[in-house]
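In: Sequence below, structure please.
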Amino acid sequence: MLYYFCLNIFFLLTIVSLIDASPTSDQSALEEKKCLNYCATNGICMLTESDPMCYCLPGWMGTRCNDVRKSVPNQEIYSRKKALNSRALVACPIGVNPCLNSGSCFIFNGNQLMCGCTEKFTGDLCEMESPCNDYCGDGSTCIPDPDPTKAPTCICASGSYGFNCMNTVVTVTTTTPQTTTMSAGCKLFPDLCQNGGTCESDGSKTTCKCPPTHAGPQCKTPVGATPSQGPPVVPGQTTPPPVPGQTTPPPVPGQTTPPPVPGQTTPPLVIGPSNKPPAGVTCAQNPCRNNRPCYNNGNSYFCSCGSQYRGINCEEFISG
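Out: The predicted model follows:
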């Protein structure tokens, strides 16, 4: 009896071993290439130009996200960024959004994953609360400082002034600006262009138009141009509003406003078919409309229109 029992056990083990040895490697490799069952339940599979890659959720690590991570949240964020930047991606992750705080995932320049953050968050993965949250007045443009220990810079909208654009001025005259519709790319990523750059899109390509003070795809690289001193003047206002901690230079005797350009009203209209600011006109003539900041650029100027205006002198309003 014991002999037959042992014999049955032997045959059972033999059958199990044959089942386990059945050829399934080709099918498994195909599924892994398509990101099916490639990562553990604690990871998200990313398609790359070479092999699949597992993007681990917070608290997990390893090639297949099977290992428990013992690190602080900041290290977790750093690990995510390093993993994303080390591989050439062809699509956003499958199943779960890698961008935090309701950010939108998209592929930039064909192989770089980027997150379009909502208004209140920033960072490569939208992991940080934006320093611009409720910092500048309504309608103003907030530019975060590259140094996280420093306060952001506010570019005031028409009718406001101050270091955070919370002070209101009375506009004597008003104009009805032209209106055009902001492109979908510029509207989805309002902070894509940095340091006062203007977002422009032709429907299929989104680019940044940088002021003379900065260059690069997102206007992050400083160059040699210098901004004008003091806040811009509101049309019809003889004296610019004061900036806290900044003294106002004494006026020229008998002169209340900057000298006008011969034959030109203030602020100047768009000049010439070349679509460039005219030579010989500088920020001293207040060429920028809608209270936009002016930058001296050699013997000419540049108006930083931000995300709400466009045109040589920021005379055209962009609707949301």
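In: CA only for contacts and neighbour counts going forward, please
Out: Noted.
In: how many other residues sit next to the nearest residue to Tyr161 once chain neighbours are set aside?
Out: What sits nearest to Tyr161 in space, not counting adjacent residues and going by Cα to Cα, 6 or more residues apart in numbering, is Asn167, at 5.2 Å. A count of neighbours around Asn167, defined by other Cα atoms under 10 Å, yields 13.
In: Kindly report the same for Asn299.
Out: Asn299: 11 neighbours (other Cα under 10 Å).
In: do the same with Thr41
Out: For Thr41, using other Cα under 10 Å, the count is 12.
In: picking up where we left off before, is it true that the residue nearest to Tyr161 touches Ser160?
Out: Yes - if you go by Cα atoms under 8 Å, Asn167 and Ser160 touch, sitting 5.4 Å apart.
In: Could you give the bridge partners of Cys54?
Out: Cys45 (DSSP bridges).
In: Also Tyr295?
Out: Pro227, Phe302.
In: just use 23 as the starting number from now, easier for me
Out: Sure thing, new numbering starts at 23, so read that last one as Tyr317.
In: Per-residue pLDDT of it, please?
Out: The score at Tyr317 is 85. That number is its pLDDT.
In: same thing with the one 4 residues further on?
Out: In this prediction, Asn321 carries a pLDDT score of 86.
In: same deal with Leu122?
Out: 83.
In: Please parse this protein into its domains.
Out: What automatic domain parsing lists as the domains of the chain is 52-152, 157-194, 197-252+297-342.
In: could you pull out the helices for the stretch 173-322 of the chain?
Out: Assigned helices in the stretch 173-322 of the chain, in chain order: 206-210 (criterion: DSSP state H, counting those that start in this stretch).
In: related to what we said a few turns ago, name the stretch among the domains of the chain that sits most buried.
Out: domain 197-252+297-342 (a mean of 19; mean count of other Cα atoms under 10 Å).
In: May I ask which helix or strand of this protein has the lowest mean pLDDT?
Out: helix 24-42 (a mean of 37; mean pLDDT, DSSP states H and E).
In: tell me the SS of the closest residue to Asp146 other than its chain neighbours?
Out: Nearest residue to Asp146, sequence neighbours excluded (Cα to Cα, 6+ apart): Cys137, at 6.3 Å. Classification of Cys137 by DSSP: H, G, I helix; E, B strand; the rest coil places it in strand.
In: And the helix or strand hosting Phe339, what does it pack against?
Out: In the assignment (DSSP states H and E), Phe339 maps to strand 338-341. The helices and strands touching strand 338-341, judged by 3 or more Cα pairs under 8 Å, 6 or more residues apart in numbering; DSSP states H and E, are strand 200-203, strand 331-332.
In: Can you list the strands that that strand pairs with?
Out: Under the rule (DSSP bridges), strand 338-341 has strand 200-203 (parallel), strand 331-332 (antiparallel) as partners.
In: quick revisit: would you mind measuring from the residue nearest to Tyr183 to Lys172?
Out: 21 Å (Cα to Cα, to the nearest Å).
In: Phi first, then psi, for the residue nearest to Tyr323 when sequence neighbours are not counted.
Out: With Cα to Cα, 6+ apart as the criterion, Tyr323 has its nearest non-adjacent residue at 5.1 Å, and that residue is Thr304. With angles defined as degrees, to the nearest 10, Thr304 sits at phi -120, psi -180.
In: which one of the strands paired with strand 338-341 has the lowest average pLDDT?
Out: Looking at the strands paired with strand 338-341, the weakest mean confidence is strand 200-203, a mean of 48.
In: Can you list the low-confidence ranges for the chain?
Out: Applying pLDDT under 70 to the chain flags the ranges 23-56, 69-72, 80-81, 91-113, 115-118, 130-133, 192-207, 224-226, 246-297, 341-342.
In: ok, now with 50
Out: 23-46, 49-50, 53-54, 93-94, 200-202, 251-270, 274, 277-280, 283, 286-295 (pLDDT under 50).
In: ok, now which ones touch the residue nearest to Tyr323?
Out: Thr304 makes contacts with Asn318, Asn319, Asn321, Ser322, Tyr323, as judged by Cα atoms under 8 Å, 6 or more residues apart in numbering.
In: Redo those as a markdown table? Include distance to Cys208.
Out: Compiled in a markdown table, the contacts of Thr304 are given as follows (distance: Cα to Cα, whole Å):
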| residue | distance to Cys208 |
| --- | --- |
| Asn318 | 26 |
| Asn319 | 26 |
| Asn321 | 31 |
| Ser322 | 28 |
| Tyr323 | 25 |
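In: out of those residues, who's nearest Thr243?
Out: Asn319 (16.4 Å; Cα to Cα).
In: just checking, that closest one touches Val245?
Out: No - taking contacts as Cα under 8 Å, Asn319 lies outside contact range of Val245: 11.1 Å.
In: Now for the two: what residues contact both?
Out: Common neighbours of Asn319 and Val245 (Cα under 8 Å, 6+ apart) are Pro234.
In: Tell me, how many residues neighbour Asn155?
Out: 11.
In: Against Glu151, how distant is the nearest residue to it once chain neighbours are set aside?
Out: Nearest non-adjacent residue to Asn155, counting by Cα to Cα, 6+ apart: Lys142, 5.7 Å away. Taking Cα to Cα as the measure, Lys142 falls 6 Å from Glu151.
In: Please consider this matter closed, and thank you.
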